[in-house]
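# Have a look at this fold, sequence not included:
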């Protein structure tokens, strides 16, 4: 079904909603005709595709080789809270930061905004565990990638 | 990226993993060629499409009118834990039950299995809030739907 | 946009529409919630996913190794005519046959039906050229696959 | 399967391939992580989503009301030729023009390019028939939309 909130939008009390500048990287994510569902809004599933695409494109830009590299990232858990509805042809903006950086795992935090008015539509997170492509056993986050993560995406939003 | 677990599969300690018969309804979900990603496994996003499709088809079969009915279900949050990898052309089976049934909200719990060997691939959950189609304000779960939920999907797995 | 025909449905004069038994293989393709678009029907793009999934699953069942095999099939052209509209939660049935079998190319012909009443929704076709995975130069259709194609999918619907 | 051409790329003899400036409108279409298939390239189906999204966004920008307007466009046929392979995270550019404008039907022609080097990846076309939302009988292309089509998208490429 559509993603969204009922009219009296729910916010976690006492915690401010994230803003664009709480994220170290912003990726543009134009919606597609078939992202909308019968209810006329972007389907809830699409927000996960937005997160996945934003994070992977950032890693590829930092040198991750998705075709032949030794380390690949597997998603072990993910979640999303929906705050407002988007609709094609909205362009979305996906803010990306890292909540926790372990030796072989990364917790990504994202905020998804409507580009036209910067309204926050969804906040999501997911955990990557890096594994060896062949053995599928955990392997350290590749060093150059880790350096880029530490430099660009570990944000203290206080 | 792909969904899955690193070789030493993580399980929540002290809590047994769900089985097919912990769910009141099972829906078949054949994978599609383009569900696989570069790593050769069903993309993590697809599991949300599986949950969404299984739950909505069940509600439509119980009489929910997605085109003209007054009440529509909006997803306000969702999450998924990935236990093992599926790959096209696997057929998946989506087990559906209800964890909590409020006056206008429903917490769906799902277990996604590989049909061929009943291996548990993922466990997910999401919350629907029913709203009035026009005003988008919360409205009670339609009575016939609630009756079907109580009859078929409130399962006590212990 | 949705796929379908305007009320006075167009049929090519003098040519009968295909039926289920004109195809050597039939694959089930349940629709998904997000296959429907804003107009309440299965999006035209989904029919191509149905063809692609039906054909590839058939080839995998005949032994094609999509992860490590030397030969891979690239789509060089495709087309589809839409005769009527489907809608989630319809189950579709994809009929598959081969129109032309060259040394390294295959022309697939498909008919997509609604399972509940066998109404023909779409007819499509696409051409695979088999290429070597590494060099991407044309290579013969693998012999066991060709034998299965000749045995099962070259249908003369006269 | 992936879309692409075998190494000795096929071109229709005697006919030059279209260029970006053969189109009256260009839409940006960033690829997504799950657009790539097992063979590491953008799946052939995605090019249809690109065409559909580019054309509908253009019509919405010209005033087409997809939620409440009387006229809706149904796709009655479509086709695509694949000339080269794209891969996530490529950004695609979709060139749009009109090949034939009838009273209630429009033949869209598209050229899909890789943004980084303007290489032509695919050429596609599809036919919309405008129908009345309720009766689903053919209806004229809405006048303001027709005027915009004539002004911007009827291109003579010679």
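Structure's in. What do you need? All values reported here derive from a predicted model rather than from experimental measurement.
# near chain D, which residues of chain A show up?
Neighbours of chain D within chain A, by CB under 8 Å from any CB of the partner chain: A:28-30, A:32-34, A:40, A:49, A:52-53, A:56-57, A:60-61, A:67, A:88-89. In this view, the C-beta of every residue, glycine as well, is placed from N, C-alpha and C.
# tell me the SS of residue A:155?
Counting by DSSP: H, G, I helix; E, B strand; the rest coil, the backbone at residue A:155 sits in coil.
# Next, the contact list for the residue nearest to it when sequence neighbours are not counted, please.
Closest residue in space to residue A:155, ignoring its immediate chain neighbours: residue A:97 at 4.5 Å, by CB to CB, 6 or more residues apart in numbering or on different chains. For residue A:97, the contacting residues are A:22-25, A:108-110, A:153-155, A:157, by CB atoms under 8 Å, 6 or more residues apart in numbering or on different chains.
# got it, and residue A:36?
Counted by CB under 8 Å, 6+ apart, residue A:36 has contacts A:42-43, A:87-88, C:37-38.
# just residue A:62 next, same as before
A:144-145, A:148.
# Repeat the analysis, applying 6 Å as the threshold.
A:145, A:148 (CB atoms under 6 Å, 6 or more residues apart in numbering or on different chains).
# Tell me, how many residues neighbour the residue in chain A positioned nearest to chain B?
Scanning chain A for the residue nearest chain B gives residue A:79, at 3.5 Å (criterion: CB to the nearest CB). If you count neighbours by other CB atoms under 10 Å in any protein chain shown, residue A:79 ends up with 18.
# Kindly report the same for residue A:113.
Residue A:113: 25 neighbours (other CB under 10 Å).
# Surely it and residue A:90 touch.
No. With contact defined as CB atoms under 6 Å, residue A:113 and residue A:90 do not form a contacting pair (10.0 Å).
# what's the distance between the residue of chain A positioned farthest from its centre and residue A:71?
The C-alpha centroid of chain A is most remote from residue A:135, which lies 26.8 Å away (CA atoms, centre = their mean). Residue A:135 sits 11 Å away from residue A:71, taking CB to CB, to the nearest Å as the criterion.
# list the residues that contact both of the two?
With CB under 6 Å, 6+ apart, residue A:135 and residue A:71 have no common neighbours.
# Strands along chain A, start to end?
Here chain A has its strands, by DSSP state E, at A:25-30, A:71-82, A:91-101, A:105-114, A:120-132.
# Please tell me I have it right and residue A:141 contacts residue A:130.
Yes. In this structure residue A:141 lies within contact range of residue A:130 using CB under 6 Å: 5.3 Å.
# and residue A:86, what is it in contact with?
So residue A:86 contacts A:42, A:114, A:121 (CB under 6 Å, 6+ apart).
# ranking these by neighbours, who comes first?
Neighbour counts for the contacts of residue A:86 peak at residue A:42, which has 29 neighbours (criterion: other CB under 10 Å).
# Distance check, the nearest residue to it once chain neighbours are set aside against residue C:109.
Among residues not flanking residue A:42 along the chain, residue A:86 sits closest, at 4.3 Å (CB to CB, 6+ apart). Distance of residue A:86 to residue C:109, computed by CB to CB: 39 Å.
# cool, and residue A:146?
Taking CB to CB, one finds residue A:146 at 51 Å from residue C:109.
# what is the rounded mean pLDDT of the longest helix seen in chain A?
The longest helix of chain A (DSSP state H) is helix A:44-61. Averaging pLDDT along helix A:44-61 yields 97.
# buried ones in it?
In terms of neighbour count (16 or more other CB atoms under 10 Å in any protein chain shown), helix A:44-61 has its buried residues at A:44-59.
# Closest to chain C out of those?
Using CB to the nearest CB, the buried residues of helix A:44-61 come closest to chain C at residue A:45, 6.0 Å.
# contacting residues for that closest one?
B:48-49.
# still on that earlier bit, what's the distance between the residue farthest from the centre of chain A and chain C?
16 Å (CB to the nearest CB, to the nearest Å).
# Please tell me how far that residue sits from residue B:68.
54 Å.
# Same question for residue A:123.
32 Å.
# of these two, who's got more company?
Remark: of residue A:123 and residue B:68, residue A:123 carries more neighbours, 20 against 7, as counted by other CB under 10 Å.
# Need the pLDDT of the more buried one.
For residue A:123, pLDDT reads 98.
# So it is in contact with residue A:111, correct?
Yes. The pair formed by residue A:123 and residue A:111 meets the contact definition of CB under 6 Å, at 5.3 Å.
# The longest helix of chain A versus strand A:105-114: what angle between them?
120 degrees (axes from the mean of the first three to the mean of the last three CA atoms, to 10 degrees).
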